[in-house]
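Student: next one to model:
(one chain, ligands or ions: 1)
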Amino acid sequence: MSEAPLSFHSPGRVNLIGDHTDYTGGLVLPMAIDRYTTIRGSRTKNSVRLRSENESEIVEFDLPISSPEKVSPIWGRYVAGVAAEMQNRAHGFDGEVSCTIPIGAGLSSSAALEVAVALALGDTSTPVERAKLCQRAEFRGVGVPCGIMDQLAVTSGIRDHALVIDCHELSISPVRLPNDIKIVVQFIVERKLKSSSYAERVSQCKAAEEIVGPLRLALLSSLTNITDQTIFRRARHVVSENQRVRDFAEMLGKGDLKSAGQLMIESHNSLDHDFETSTPQMNAAVATASSQPGVFGARMTGGGFGGCIVILADATAKIDGWQVRAVNAATKLD
Ligand code: GLA
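Tutor: Got it, this is the predicted structure:
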């Protein structure tokens, strides 16, 4: 039995500042962007079948599904992870996926797919619950112990606003973006975010927390108790990055874009030196972008090891890349 065709679209996100802080309950400042994953099709009974214009292999499985990590092709594991987390609430679906978010760019194409799938399979929970469901789905499907930022940005985006997200409270404070700015994304190189490098950073932050307590509450001065220099630097990134998010939000609110841009550059340097998630190519791209007329600041964005840089500039600046707009959350289309 099939019903009338349905469409759902789900934005990607760019993170303006606050990377590798979400999985210790810290602060992040992303915005949902005008690049989308769209799913069109019809509800069916007990199976999921999705074709994708970007992938040759079809995803097909019966509901309920209990081992999403065994689904093939791999992109189907994100889909099956969501279905598995929805358990008997998941409807069947037969349709097509299309995507204008570049894959492997660090712009959350995975989170966009997960959230679009959750909507297509009939999830009616709140944006926060949907984000948590999709975060669990990613871990269950592909084993990445990601934080909540990407999924929450996708389920909670607000047009013309960036979102200050407290990843411990799961509270969101929208900040209106000034009219006279431009946010530009440059795709530098396909991200090599091995889940092992990401998981290693997650466990290094846990190791720091065993010594100094929650990093979201820690002061830079308390980190001297950490004797392992790598763990110390990871912790110093997280603690200083949380403060940069607070300061950036304040500067954006005041329209002090020069200071906001400087914070982006400091954030990038911290990701490079202390968190070691940048690459020479990303550093060179940030340096070039930052020296352009009208640019306030630039930094790598997202998980790192490649991907995109994000640039904050004057509305009149001429910069290569995609100018992105802050858009509303994932939704069913009429
Ligand atoms: C990836 C993860 C997020 C977050 C970022 C880094 O995008 O999915 O949860 O940790 O990396 O800020």
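Student: which secondary structure element is home to the residue lying closest to Gly304 once chain neighbours are set aside?
Tutor: Excluding the flanking residues, the one nearest Gly304 by CB to CB, 6 or more residues apart in numbering is Thr277, at 3.0 Å. Bear in mind the C-beta positions are built from the backbone N, C-alpha and C, glycine included. Assigned by DSSP states H and E, Thr277 belongs to neither a helix nor a strand.
Student: need the contact list for Thr277.
Tutor: Asp19, His20, Ser197, Arg201, Leu271, Met300, Gly303, Gly304, Phe305 (CB atoms under 8 Å, 6 or more residues apart in numbering).
Student: for the ligand, see how far away it is.
Tutor: 8 Å (CB to the nearest ligand atom, to the nearest Å).
Student: stretch 53-68: end-to-end distance?
Tutor: Terminal residues of stretch 53-68 lie 22 Å apart, using CA to CA, to the nearest Å.
Student: what's that stretch in contact with?
Tutor: 46-52, 71-73, 75-77, 79-81, 83-84, 87-88, 90, 92, 96-99, 103, 137, 140-141.
Student: residue numbers of the stretch 1-150 of the chain in contact with the ligand?
Tutor: Asp19, His20, Asp22, Tyr23, Cys146, Gly147, Met149, Asp150 (CB under 6 Å from any ligand atom).
Student: ok so the second one is a strand residue?
Tutor: So the one you mean is His20. No. Counting by DSSP: H, G, I helix; E, B strand; the rest coil, His20 falls outside a strand, being coil.
Student: quick check on it: phi, psi?
Tutor: phi 60, psi 30 (degrees, to the nearest 10).
Student: OK, contacts around it?
Tutor: Neighbours of His20 in contact, by CB under 8 Å, 6+ apart: Arg201, Cys205, His237, Val238, Glu241, Leu271, Phe275, Thr277, Gly303, Gly304.
Student: next one: it from Leu107, what distance?
Tutor: From His20 over to Leu107 the distance is 16 Å, taken as CB to CB, to the nearest Å.
Student: and for the fifth one?
Tutor: Cys146 sits 14 Å away from Leu107, taking CB to CB as the criterion.
Student: higher neighbour count, those two?
Tutor: Leu107 (29 against 24; other CB atoms under 10 Å).
Student: report the contact partners of the more buried one.
Tutor: Neighbours of Leu107 in contact, by CB under 8 Å, 6+ apart: Gly12, Arg13, Val14, Ile33, Arg35, Ile101, Val185, Thr301, Gly302, Gly307, Cys308.
Student: give me the nearest residue to the fourth one, chain neighbours excluded.
Tutor: Yep, that's Ile33 we're talking about. In space, Ile33 is closest to Val324, 4.2 Å off (CB to CB, 6+ apart).
Student: just give me the neighbour total for that neighbour.
Tutor: Val324: 22 surrounding residues under other CB under 10 Å.
Student: next, the contact list for it, please.
Tutor: Per CB under 8 Å, 6+ apart, neighbours of Val324: Val14, Met31, Ile33, Asp34, Arg35, Ile183, Val184, Val185.
Student: quick check, the second one in contact with Ile17.
Tutor: No. Between Met31 and Ile17 no contact is recorded; they are 11.0 Å apart, counting by CB atoms under 8 Å.
Student: where do the strands sit along the stretch 201-334 of the chain?
Tutor: Assigned by DSSP state E, counting those that start in this stretch, the strands in the stretch 201-334 of the chain fall at 295-301, 307-314, 322-323, 331-333.
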